[in-house]
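> Compute the structure for the input listed below.
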Amino acid sequence: MIFSIVTRTLRLSAVAGLAISSFWTAPASAAGAMVTGDLTPQPIGHYDFCKINPEECSIRPGNLAPAKMTDVLRRKLASVTAKVNAAVKPVSDKDLYGRDEVWTYPDKGAGDCEDYVLEKRRELSRSGMSLANLLITVLRKPDGEGHAVLTVRTDQGDYILDNLTDKVKAWDETDYRFLKRQAIDNTGRWVSIRGGHQVLVGAIK
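Sure, this is the predicted structure:
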């Protein structure tokens with residue numbers, strides 16, 4: 001399974017001494033935290049994912065405090081990003097399943113942006129991080145296309161893990177327009193992101 005491959009590669013990268021600077025974009029100043037708004041409909045892909053995996057969508061994390069940013073966490077985020085990006089082949093849902101918006105773990109080694117996010121979230125959760133700090137997030141790219149990334153909440157701001165780059169970036173140092181993300185207190189709920197725009201991916205109305 002893909003998580004076994006990633007676990008092995010993480011160990012190898014630790015032995016090799018993965019340099020933080022190679023995979024980390026330091027913001028000009030401390031990254032800010034996203035400002036979220038009201039509850040909002042979850043993306044249709046996540047709704048279907050929750051029907052298949054209900055146990056993953058009813059978790060209420062006990063600790064809602066942002067993760068403490070340390071060099072260890074920086075290395076972990078950079079390593080997971082690079083290794084999952086390398087281990088998963090980018091293939092559209094249409095090509096894999098014959099339809100759009102299929103959110104699932106890329107256990108066969110292929111998937112689209114949401115599948116990369118799910119795998120990174122799974123790996124980081126297994127390492128001990130709270131799901132309150134590992135939030136699936138949907139956005140719009142500069143070309144208008146919908147996209148998904150993993151937002152990591154820290155005491156130094158929110159950071160983005162993206163399958164389109166191995167660099168870990170502060171969310172406010174990207175060119176993306178952020179739309180909505182999971183709520184920190186319930187994995188089955190979503191909240192709007194202030195300053196965002198109408199969601200372009202499918203959502204439950």
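> So for the residue positioned nearest the centre of the chain, what's the nearest residue that isn't a sequence neighbour?
With distances taken as Cα atoms, centre = their mean, residue 150 lies nearest the centre of the chain, 1.4 Å away. Of all residues beyond its chain neighbours, the one nearest residue 150 is residue 161 (4.2 Å), with distances taken as Cβ to Cβ, 6 or more residues apart in numbering. Yep, even glycine has a C-beta here, placed from its N, CA and C like the rest.
> Can you report how many residues lie near that neighbour?
Residues contacting residue 161 under the criterion other Cβ atoms under 10 Å number 27.
> ok, back up a step: for the residue nearest to the centre of the chain, give the beta-bridge partners.
Residue 150 has these beta-bridge partners by DSSP bridges: residue 136, residue 161.
> For it, give me its contacts.
117, 120, 121, 124, 134, 135, 136, 137, 160, 161, 162 (Cβ atoms under 8 Å, 6 or more residues apart in numbering).
> isn't the residue nearest to residue 150 right up against residue 118?
No. If you go by Cβ atoms under 8 Å, residue 161 and residue 118 don't touch, sitting 11.5 Å apart.
> now the strands: where do they sit in this protein?
36-40, 89-90, 110-111, 134-140, 146-154, 157-161, 169-170, 177-183, 186-193 (DSSP state E).
> nearest to residue 60, of these?
Residue 60 lies closest to strand 186-193 among those, at 5.6 Å (Cβ to Cβ).
> rewinding a little: export the strands of the chain to TSV and tack on distance to residue 81?
Listed next are the strands of the chain as TSV, based on distance: least, Cβ to Cβ, whole Å:
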stretch	distance to residue 81
strand 36-40	23
strand 89-90	14
strand 110-111	15
strand 134-140	13
strand 146-154	9
strand 157-161	5
strand 169-170	10
strand 177-183	18
strand 186-193	21
